[in-house]
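[1] I'd like to go over a predicted model; first the sequence, then the structure.
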Amino acid sequence: MATILTGSFVSDGTQFNLALRSGYDMFQLVNITDVGSAAANTNVMRAWGSSSMPDGSAYLNLKTSGAATLALESMITTAGFTFWDSGNPPTFAVNTVIGGTAASPVVINVTAHGYAVGDTVIFKNLTGGGSQSLSGLQFTVIAVGDADHFTIPFDGAVGLTGAITGGSVTKIIPNPFAPRNIVIGQTALATLNGVANQLTFNLNEAILNGTTNLMFGTYSVGAKLRLNIPTSFNTTTPFLPTTINSLIGTITAVTAQGGYNSFANQVTVQLSTPIAASTLLQYPVGAANFRRSYPFVSDIAEVSTILTEAEDNKGFLGITVGTGVQTTGKLYQWFARKGYSL
């Protein structure tokens with residue numbers, strides 16, 4: 001068993017994905033901070049897992065409280081290590097949605113959800129407050145309040161008519177090769193500068209997913225997007241859907257918008273066709289509650305001058321390091337090992 005890669009990290013107590021350059025048979029963590037410590041705690045000192053073990057499982061040694069020794073090796077079946085690749089991602093449990101706030105941003109209530117900041121989740125069969133409009137949409141978790149609450153970057157104060165009352169949610173690993181249709185948001189929707197021919201809008205998904213999610217980065221200045229605007233969105237001449245629908249815009253700026261934890265989810269694009277007007281794109285009252293009725297943007301590879309997340313290969317082999325194999329604030333060295341058949 002040869003060690004191919006090694007590295008280190010200081011634990012912040014949350015799970016994270018570690019991208020690796022090849023497949024591995026064994027992964028091990030060693031606590032560097034507490035070597036020789038006789039403090040009264042039971043921090044994780046050593047943990048390891050193999051690629052054949054069930055997802056989320058691990059063997060580990062805790063520190064003996066009050067002594068510089070290791071406790072007997074134990075086993076866990078959740079919050080350990082998961083070996084995976086983005087081409088064949090693991091499947092995750094379907095969780096029941098108990099409720100959600102009609103606020104900005106929306107806080108979802110799911111008992112023992114297990115999600116971390118940067119995870120991507122998809123909702124199904126939501127009920128209450130017009131929330132069926134979110135069913136089938138993917139959102140990045142931008143905050144975790146506690147074991148039963150997490151936050152998504154959606155303005156429920158505008159987009160919902162009341163609290164979410166039920167439904168289901170599942171964590172997913174987005175396909176790194178598929179173009180991502182991202183819905184234009186409902187707060188500060190879109191402004192058009194007729195002189196500069198630039199359109200500014202926010203996106204319902206925070207497109208800067210944070211350091212814990214290595215699957216996707218942010219949109220880049222110079223990338224091209226195609227606008228998809230349903231006919232029901234805005235009837236003010238000349239900013240008609242028929243006027244701007246299917247237009248191509250080149251990104252000139254990506255900035256943070258208030259109310260979304262400073263995620264860079266506001267985009268300015270230079271339109272491909274002149275529009276001599278300055279007005280707003282508005283969500284209609286009682287908009288149809290289906291994804292296809294929402295305005296969204298699509299990456300377009302055929303005319304893009306740079307690779308964005310629709311075209312760039314963001315796939316990787318990796319390991320999810322769970323919360324059960326690390327202790328907050330401790331420095332860990334990790335080892336990725338691979339066996340060879342003779």
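    Cool, got the structure. In this text the structure is predicted, and so the values were computed from the model without any measurement.

[2] From now on I want contacts and neighbour counts done on CA atoms only, so please keep to that.
    Fine.

[3] Tell me, how many residues neighbour K124?
    Neighbourhood size, K124 [other C-alpha atoms under 10 Å]: 20.

[4] That one: what secondary structure?
    strand (DSSP: H, G, I helix; E, B strand; the rest coil).

[5] Just the pLDDT at it, thanks.
    As predicted, K124 sits at a pLDDT of 88.

[6] Over to the one 4 residues further on?
    Looking at G128, its pLDDT is 92.

[7] ok, it touching A163?
    Yes: distance between G128 and A163: 6.0 Å, which falls inside the contact criterion (C-alpha atoms under 8 Å).

[8] Which one of the two is surrounded by more residues?
    Between G128 and A163, counted using other C-alpha under 10 Å, A163 has the larger neighbour count: 20 against 17.

[9] how close does D34 sit to T64?
    Applying C-alpha to C-alpha, to the nearest Å, the value for D34 to T64 is 11 Å.

[10] who's more crowded, those two?
    For D34 and T64, the more surrounded residue by other C-alpha under 10 Å is T64, and the numbers stand at 20 against 17.

[11] Can you verify my assumption that the more buried one contacts T42?
    Yes: the pair T64 / T42 is scored as a contact, 5.8 Å apart, by C-alpha under 8 Å.

[12] Name the residues contacting each of the two.
    In terms of C-alpha atoms under 8 Å, 6 or more residues apart in numbering, T64 and T42 are not both contacted by any residue.

[13] Check what pLDDT A196 gets.
    pLDDT, A196: 62.

[14] and if you look at Q333?
    pLDDT, read off for Q333, is 96.

[15] and it, that one's in a strand?
    Yes: under three-state DSSP, Q333 sits within a strand.

[16] how close does it sit to F150?
    According to C-alpha to C-alpha, Q333 and F150 sit 30 Å apart.

[17] One more: I182?
    Computed as C-alpha to C-alpha, the I182 to F150 distance reads 20 Å.

[18] likewise T165?
    According to C-alpha to C-alpha, T165 and F150 sit 15 Å apart.

[19] can you check N31 too?
    Relative to F150, N31 is positioned 29 Å away (criterion: C-alpha to C-alpha).

[20] Need phi/psi at T323.
    Dihedral pair for T323: phi -70, psi -20, per degrees, to the nearest 10.

[21] ok, now which ones touch the residue nearest to T42 when sequence neighbours are not counted?
    Spatial nearest neighbour of T42, excluding adjacent residues (C-alpha to C-alpha, 6 or more residues apart in numbering): K63 at 4.7 Å. Listed by C-alpha under 8 Å, 6+ apart, the contact partners of K63 are 41-45, 69-71.

[22] do L160 as well
    L160 neighbours (C-alpha under 8 Å, 6+ apart): 102, 129-131.

[23] And the longest strand that the chain contains, what's buried?
    Determined from DSSP state E, the single longest strand within the chain is strand 74-85. For strand 74-85, a neighbour-count test (16 or more other C-alpha atoms under 10 Å) marks 78-85 as buried.

[24] just the helices in the stretch 51-200 of the chain please.
    With helices called from DSSP state H, counting those that start in this stretch, the stretch 51-200 of the chain shows them at 156-159.

[25] Poorly predicted segments of it, please.
    Within the stretch 51-200 of the chain, the stretches with pLDDT under 70 are 86-88, 133, 155, 158, 174-181, 183, 185-196.

[26] Strands along that one, start to end?
    57-62, 74-85, 94-96, 99-100, 106-109, 120-127, 138-140, 143-146, 149-152, 166-172, 182-183, 190-193, 198-202 (DSSP state E, counting those that start in this stretch).

[27] Mind checking the pLDDT average for stretch 228-241?
    Mean per-residue pLDDT for stretch 228-241: 56.

[28] Stretch 36-43 now?
    Rounded mean pLDDT across stretch 36-43 is 96.

[29] got a list of contacts for that stretch?
    62-69, 326-327.

[30] Now, of these, which are buried?
    62-65, 69, 326-327.

[31] Looking at those residues, spot the one nearest D119.
    Set against D119, the nearest of the buried ones among the contacts of stretch 36-43 by C-alpha to C-alpha is Q326 (18.6 Å).

[32] nearest spatial neighbour of that closest one, skipping sequence neighbours?
    That would be V44: by C-alpha to C-alpha, 6+ apart, it lies 5.7 Å from Q326.

[33] Then L29?
    Leaving aside its sequence neighbours, L29 sits nearest to W334 (C-alpha to C-alpha, 6+ apart; 4.5 Å).

[34] what's the answer for T328, then?
    G13 (4.4 Å).

[35] Tell me who's in contact with that neighbour.
    323, 326-329.

[36] go again using 10 Å as the cut-off
    322-330 (C-alpha atoms under 10 Å, 6 or more residues apart in numbering).

[37] Can you name the residues that contact the residue lying closest to A102 once chain neighbours are set aside?
    Counting by C-alpha to C-alpha, 6+ apart, G156 is the residue found nearest to A102 once chain neighbours are left out, at 4.3 Å. Under the criterion of C-alpha under 10 Å, 6+ apart, the contact list for G156 reads 100-107, 129-131, 162-164, 186-187.

[38] again, but for I108
    97-102, 144-145, 148-152, 163-165, 169.

[39] Buried ones only from these, please, as a PyMOL command.
    Here is the PyMOL selection string for the buried members of the contacts of I108, based on 16+ other C-alpha under 10 Å:
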select buried, resi 97+98+99+100+101+102+144+148+149+150+151+152+163+164+165+169
